[in-house]
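K.L.:
Build me a structure from this.
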Amino acid sequence: MPLPTLKEQFAALIATPSVSCTQASLDMPNQPIIDLLAGWLHELGFRCEIQQVAPGKANLLATFGTGPGGLVLAGHSDTVPFDESLWQTDPLKLTESGDRWLGLGVCDMKGFFPLIIEAVQPLLSQPFRQPLIVLATCDEESSMSGAKALADAGRPLGRAAVIGEPTGLKPIRLHKGVMMERIDILGQSGHSSDPSLGHSALEAMHAVMGELMGLRQQWQREFNNPQFGVPSPTLNLGCIHGGDNPNRICGQCALEFDLRPLPGMDPAALRAAIQQKLQPLAQRHQVRIDYKPLFGEVPPFEQSADAELVKVAERLTGHTAEAVAFGTEAPYLQALGCETLVLGPGDIRCAHQPGEYLEMSRLQPTVRLLRELIQHYCLEQG
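P.N.:
All right, here's what the predicted structure looks like:
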């Protein structure tokens, strides 16, 4: 059976929903996407290994060639949830509009896989001195469980890894970490006419938020990296839920917040600093305070500026490697021994939004760039 065309591959991937979400009601398997990719890559002669991560959730490692070293071209196979009513087109149908392709995941980042296939096809008749590995992971948009499972397995991958997240074809060698945390306070409800009848979880949370904002100011004084557009770490108080009626002392309150540390900031040390602030507040307000991550953090990422992959990517793109605020799977691949870079055709400004698009003018430049990377790491290297 002939391989689908580039556009047909895009359409097939977009039409196969694979939402990853911390809310179980919205979460979906990614196995159908993995099966599609494995089928196409098997037709091209890749050896396809599927790593089961959880029921319905899997990673794909597809390898062409043998030996140590080589190149990993990586991406996640899941998308964020979507609200169809906010889209002007069908989010699960590849739609051409002017000079853009629209669809859920076309930019972030299912579209990277057809571009890899398009790039490698003309090279497959040549001898690969080092292998090419195509990696597709699950759950990047929620728990990072796919990348974590890969890292936990400890299996060495290639010498270099490129993750095709949306960077506008500019190489990215640094990004901030991502920590999403939750604080639950259990107080004592009671009649609002007499404060002595209870212990307000909401008032305790007010004090907690003050301490968090104080830590934010402290960290922003201590840590700064001008390579980032937002050069300091950020802490966003994202959502709060508590109480049920004005005439009751609030018995329960929960806060969820997002912390983006810079490279060099240790997530464990940040959590310890927060915990140290919470303990005296619990005693003062006579409440119970529970603090835990919503899920495991994504560590900050930095690849050295003098790494071979950085130099190669800068030469091929004509852009100096930069930094971004969003998190990726890069630290997990780096932990497996790969020089790692984030580099893909999409625009982060349209990711996670209705009307997600990919500029068609980026298609062929991406194919050329990937082909040159494959030639450098797999055909030319001894």
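K.L.:
all contacts plus neighbour counts: C-alpha atoms, from now on.
P.N.:
Noted.
K.L.:
for the spatially most central residue of the chain, helix, strand, or coil?
P.N.:
Closest to where the C-alpha atoms of the chain average out (CA atoms, centre = their mean) is residue 328, at 3.8 Å. What DSSP: H, G, I helix; E, B strand; the rest coil gives for residue 328 is coil.
K.L.:
Model confidence for it, exactly?
P.N.:
Turning to residue 328, the model gives it a pLDDT of 95.
K.L.:
And it, how far from residue 172?
P.N.:
11 Å (CA to CA, to the nearest Å).
K.L.:
Residue 63 now?
P.N.:
25 Å.
K.L.:
Comparing those two, which residue is more hemmed in?
P.N.:
residue 172 (27 against 20; other CA atoms under 10 Å).
K.L.:
quick one, phi psi at the more buried one?
P.N.:
Main-chain torsions, residue 172, degrees, to the nearest 10: phi -120, psi 120.
K.L.:
all helices of this protein, in order?
P.N.:
Assigned by DSSP state H, the chain shows helices spanning 6-14, 31-43, 112-120, 145-153, 201-222, 267-285, 308-317, 330-335, 363-374.
K.L.:
buried sites along the longest one?
P.N.:
By neighbour count, and taking 16 or more other CA atoms under 10 Å as the criterion, the buried residues in helix 201-222 are 201-202, 204-205, 207-208, 211-212, 215-216, 219-220.
K.L.:
Now the two most distant members of those.
P.N.:
The largest separation in the buried residues of helix 201-222, counting by CA to CA, is between 201 and 220 at 28.2 Å.
K.L.:
still on that earlier bit, residues touching the residue nearest to the centre of the chain, list them.
P.N.:
140, 165, 175, 298 (CA atoms under 8 Å, 6 or more residues apart in numbering).
K.L.:
ok, back up a step: how about CSV for the helices of the chain, with distance to residue 128 added?
P.N.:
Below are the helices of the chain laid out as CSV (distance: least, CA to CA, whole Å):
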stretch, distance to residue 128
helix 6-14, 23
helix 31-43, 16
helix 112-120, 11
helix 145-153, 24
helix 201-222, 48
helix 267-285, 40
helix 308-317, 19
helix 330-335, 22
helix 363-374, 9
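K.L.:
among those, which is nearest residue 91?
P.N.:
Here helix 6-14 is closest among these (CA to CA), at 7.8 Å.
K.L.:
Now the closest one: buried residues?
P.N.:
So, applying 16+ other CA under 10 Å, buried residues of helix 6-14: 6, 9-14.
K.L.:
Could you measure from residue 93 over to residue 14?
P.N.:
Counting by CA to CA - residue 93 and residue 14 are separated by 6 Å.
K.L.:
related to what we said a few turns ago, nearest to residue 244 among the buried residues of helix 6-14?
P.N.:
Nearest member of the buried residues of helix 6-14 to residue 244, counting by CA to CA, is residue 14, at 42.0 Å.
K.L.:
which one is the closest one nearest to, not counting chain neighbours?
P.N.:
Leaving aside its sequence neighbours, residue 14 sits nearest to residue 92 (CA to CA, 6 or more residues apart in numbering; 5.3 Å).
K.L.:
Name all residues that make contact with the one you found.
P.N.:
Applying CA under 8 Å, 6+ apart, the residues near residue 92 are 14-17, 103-104.
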